[in-house]
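Next input, structure requested:
(one chain, ligands or ions: 2)
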Amino acid sequence: MDDCIFCKIARHEIPSTVVYEDETVIAFEDTNPQVPVHTLIIPKEHYASIASNVPESLLGHIIAVSARVAEIKGVDKTGYRLTTNVGDDGRQTVMHLHVHILGGAQMPIRMGPAD
Ligand code: AMP
Ligand code: ZN
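Ligands and ions are numbered 1, 2, ... in the order given. Predicted coordinates:
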């Protein structure tokens, strides 16, 4: 995907603060952090979201690496939240599958609709 910002990050065509990288995924800092630890993990191959027929092995790898990234970021003991937004109601803004790793603060309890 030529005009996808996360594909460009995966190809190192635009800068990012990389936390972890291997052959299939890359994790980097969110540029607009919502909590003290806010890191994103993406597959290097373009998928619009988790609803895009992503191979289960890749989904599993993303989740496994998320736990590794939480260790790297030092929130594995205190806890963290993984979030992946899908589509309009999910408030997905970047249409390249990404999982948010959110930590360093207590997450809100409420998970219902926006006010
Ligand atoms: P979502 O609403 O789930 O699609 O989240 C997209 C996230 O990507 C937001 O938290 C943005 O702050 C983040 N973001 C957008 N552009 C960049 C970028 N170039 N580098 C790092 N994070 C980004
Ligand atoms: Zn992409």
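
Could I get the contacting residues of the residue lying closest to residue 41 once chain neighbours are set aside?
Spatial nearest neighbour of residue 41, chain neighbours left out: residue 27 (4.2 Å); criterion: CB to CB, 6 or more residues apart in numbering. Backbone N, C-alpha and C define where each C-beta goes, glycine included. With contact set as CB atoms under 8 Å, 6 or more residues apart in numbering, residue 27 has these partners: 18-21, 39-42, 65-66, 69, 101.

At the contact with ligand 2, which residues of the protein appear?
Residues of the chain lying near ligand 2 by CB under 5 Å from the ion: 1, 4, 6-7, 46, 96.

Would you map the helices across this structure?
With DSSP state H, the ranges of helices along the chain come out as 5-10, 56-72.

that older thread, for the residue nearest to residue 41, give its distance to residue 40.
7 Å (CB to CB, to the nearest Å).

between the two, what contacts are shared?
By CB under 8 Å, 6+ apart, the residues touching both residue 27 and residue 40 are residue 101.
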